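Undergrad: dropping a prediction and its sequence here:
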Amino acid sequence: MRFIAALLLLLIPAFIVAQPDSTVQHLQHLVIRSYTVQTELSLVGIKGETPGTGLVYAKKSDEKDWKATNDGKALNPEVTDVQAVVIVNDSIFLAGTWKNGLYRTRDAGNSWDKLDSFPASDIRAIRISESHPEHIFAATVSHGIMRSTDLGSSWHPCSADSLRKRLASWSMEVDPTNPSRLYALTYSNGILKTTDQGKHWEPLLKHEGIMFYDMAISNKDPNKLWAVGANDSLGVIYTSDDQGKSWKMLAETPAGSFNQIELTGKWEDVLLVGSWNNGAFIHTHLGWSKLAAITFETISGMHANSAKISIFTWGNGLYEIENVWMDSGNIGLKNN
């Protein structure tokens, strides 16, 4: 009897940390620069090598293969890099590019038009408020954070002119419960936060020599934040329990220049972390482990739902694996 009990104790953790042994891969050899995943439809933006190679691919949930929008052509003959994509509704999508401005489709990707009224040419991220989907935000290099409330037709800065250089942003996040609360991940000023849609910004987190690439807001508690950053030799992971007023850097993390973070788990926030140089990792209450199914080292995005985890790469397309960690226990994450 004692032997059986001991055997069960050994088997249960093994079952919890077991990783999928099969991987589905799409868009092989492509650099996926941006992505958005919804229940019925997903989009990815592609970074090409020459003008006219910046495409947007789409896939419906009931279809097997990804298809290039715009009849297989780039958004514009000059577009090389589609840095941001978002689905506004069933027919309207937005795509932000490197050096070529903002584009919109009104016919679900059959054709794209450049929005000449958008003031910035370099758009790094586009986000839609979950609680107020009429609010769309764009992170730019030259004009900080921009906001639209008319499906992308017109845009207004979320800051005073004097703050634009401080808000040159790689990425941003919108609080899922409050569209007035925004977080900007800037190039040289760390992470900044506004609670009034940009009238005032306060510094939250800065680590000398570190660029913060991504952050996540807990699905369980919007007060809890996670942020990842890196330089050429060091990756850091920070967490906050009070909307960024105070932060704690996690110790004993894997080696990697971290650039992506995603959360999954039914009871607790299970961390998925990607890197520029060492693939992807997962952290549960049992500690850290590498996602063995992801053999490509440079990660450009991560998304998890109850069924699968999507890992986007900078050079080898998209990997999909079963989300065996969604029900991985409710003991709580290990405090490092």
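TA: Yes, it's here. Numbers count the residues shown, from 1 in each chain.

Undergrad: give me phi/psi at residue 266?
TA: For residue 266, the backbone dihedrals (degrees, to the nearest 10) come out as phi -80, psi -40.

Undergrad: hmm, it is touching residue 323, no?
TA: No. The criterion here is CB atoms under 8 Å, and residue 266 misses it with residue 323 at 10.3 Å. (Each C-beta comes from the backbone N, C-alpha and C, glycine too.)

Undergrad: between the two, which one's more packed in?
TA: Shown here are residue 266 and residue 323; by other CB atoms under 10 Å, residue 323 has more neighbours (20 against 14).

Undergrad: so who does residue 269 touch?
TA: By CB atoms under 8 Å, 6 or more residues apart in numbering, the contact set of residue 269 is 218-220, 224, 226, 263, 333.

Undergrad: now these as CSV including distance to residue 151, neighbour count and pLDDT?
TA: Formatted as CSV, these follow (distance: CB to CB, whole Å; neighbours: other CB atoms under 10 Å; pLDDT from 0 to 100):
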residue, distance to residue 151, neighbour count, pLDDT
218, 29, 17, 91
219, 27, 13, 82
220, 31, 13, 84
224, 32, 17, 95
226, 31, 20, 96
263, 29, 18, 94
333, 39, 17, 37
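
Undergrad: quick check, nearest of the residues you listed to residue 308?
TA: Closest approach to residue 308 among the contacts of residue 269 (CB to CB): residue 263, at 14.8 Å.

Undergrad: ok but that closest one is inside a strand, no?
TA: Yes. Membership of residue 263 in a strand is supported by DSSP: H, G, I helix; E, B strand; the rest coil.

Undergrad: shift numbering so it begins at 11
TA: New numbering, starting at 11: the last item is residue 273.

Undergrad: quick check: it vs residue 230, distance?
TA: With distances taken as CB to CB, to the nearest Å, residue 273 is found 9 Å from residue 230.

Undergrad: which residue is the nearest non-sequential neighbour of residue 170?
TA: Among residues not flanking residue 170 along the chain, residue 209 sits closest, at 7.9 Å (CB to CB, 6 or more residues apart in numbering).

Undergrad: can you give me the strands in the stretch 61-210 of the chain?
TA: With strands called from DSSP state E, counting those that start in this stretch, the stretch 61-210 of the chain shows them at 66-70, 77-78, 92-97, 103-107, 112-115, 123-124, 133-138, 146-150, 155-158, 166-167, 179-184, 192-196, 201-204.

Undergrad: looking at those, which is closest to residue 318?
TA: Taking CB to CB, strand 66-70 is the member of the strands of the stretch 61-210 of the chain nearest to residue 318, at 12.9 Å.

Undergrad: parallel or antiparallel, list what pairs with the closest one.
TA: The strands that strand 66-70 pairs with in its sheet are strand 51-57 (antiparallel), strand 77-78 (antiparallel) (by DSSP bridges).

Undergrad: and that strand, what's buried?
TA: For strand 66-70, the neighbour count (16 or more other CB atoms under 10 Å) marks 66-69 as buried.

Undergrad: I'd like the next helix or strand past the host helix or strand of residue 299.
TA: Using DSSP states H and E, residue 299 sits in strand 297-300. Counting by DSSP H and E, the next helix or strand C-terminal to strand 297-300 is strand 309-314.

Undergrad: which residues does that next one contact?
TA: Counting by CB under 8 Å, 6+ apart, 41-45, 47, 269-274, 282, 284-286, 289-290, 319-324, 333, 336 sit against strand 309-314.
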